[in-house]
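In: The following comprises the amino acid sequence and a computationally predicted model.
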Amino acid sequence: MATKERTYAAGRGLAAALVFVAMLLAAFSLWTAIPLSWVYIASKLSETQFPAGGPYAVVVIGILLTFLVVAWLIGRLNNLYIRITGTNRIGPIRPTWLKSMRDTAPIQSSVTVVEAVLMASVMLAALALTLWFFLLAGSPLPNQ
């Protein structure tokens, strides 16, 4: 009976981790894939290098609508995470040997899953931008 409960808990933990990763990828796309995709789409719609307002409107409206869809998706994934785990908070991870015997009170200042996902996505986007800038962008100065 104990192994069945452990297997069930491990399956729930794996499902929660997969939902968390899906939320992280969706949030990361807010800063990377969505804006780049809409700029690419608008560049294919424009016939000149100096377009009128049409392609710019496509970019702005497309990004806004896609952000709303992805935010709705993150909210749905958060609800799924809550159904799997029973909470929307991420507690602090402390080694067992640091825990007090009286450490049974719920932690009030823990971070919610959505907060953790959005903070992590912003940090990943900043890291990606930094790596691109220093390693892949190349120099804007002419080679002489």
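Out: Nice, thanks for sending it over.
In: Return the helix or strand in the protein with minimum mean pLDDT.
Out: strand 89-90 (a mean of 76; mean pLDDT, DSSP states H and E).
In: so what strands line up beside it?
Out: strand 111-112 (antiparallel) (DSSP bridges).
In: Which residues lie in contact with residue 31 in this structure?
Out: Taking C-beta atoms under 8 Å, 6 or more residues apart in numbering, we find residue 31 in contact with 121, 122, 125. Backbone N, C-alpha and C define where each C-beta goes, glycine included.
In: quick one: which of those sit in helices?
Out: Among the contacts of residue 31, the members falling in helices (DSSP state H) are 121, 122, 125.
In: Can you say which of the residues you listed are buried?
Out: Buried subset of these (neighbour count, 16 or more other C-beta atoms under 10 Å): 121, 125.
In: Of the ones in helices among the contacts of residue 31, just say which sits nearest to residue 30.
Out: Of all the ones in helices among the contacts of residue 31, residue 30 sits closest to residue 121, with 6.7 Å by C-beta to C-beta.
In: For the closest one, give its distance to residue 18.
Out: 17 Å (C-beta to C-beta, to the nearest Å).
In: Could you do residue 133 as well?
Out: Residue 133 is 32 Å from residue 18, by C-beta to C-beta.
In: Low-confidence bits of this structure, can you list those?
Out: 1-2, 91-109, 144 (pLDDT under 70).
In: so where's the longest helix in it?
Out: The chain, longest helix under DSSP H: helix 53-85.
In: What is that one packed up against?
Out: Judged by 3 or more C-beta pairs under 8 Å, 6 or more residues apart in numbering; DSSP states H and E, the packing partners of helix 53-85 are helix 2-31, helix 33-45, helix 113-131.
In: From the chain's centroid, how far away is that helix?
Out: Remark: helix 53-85 is offset 11 Å from the chain centroid, using C-alpha atoms, centre = their mean, to the nearest Å.
In: What residues sit buried inside it?
Out: 55, 58-59, 62-63, 66, 70, 74, 77-78, 80-82, 84-85.
In: who's in contact with the closest residue in space to residue 34 that isn't next to it in sequence?
Out: Nearest non-adjacent residue to residue 34, counting by C-beta to C-beta, 6 or more residues apart in numbering: residue 66, 4.9 Å away. When contacts are counted by C-beta under 8 Å, 6+ apart, residue 66 touches 34, 37, 38.
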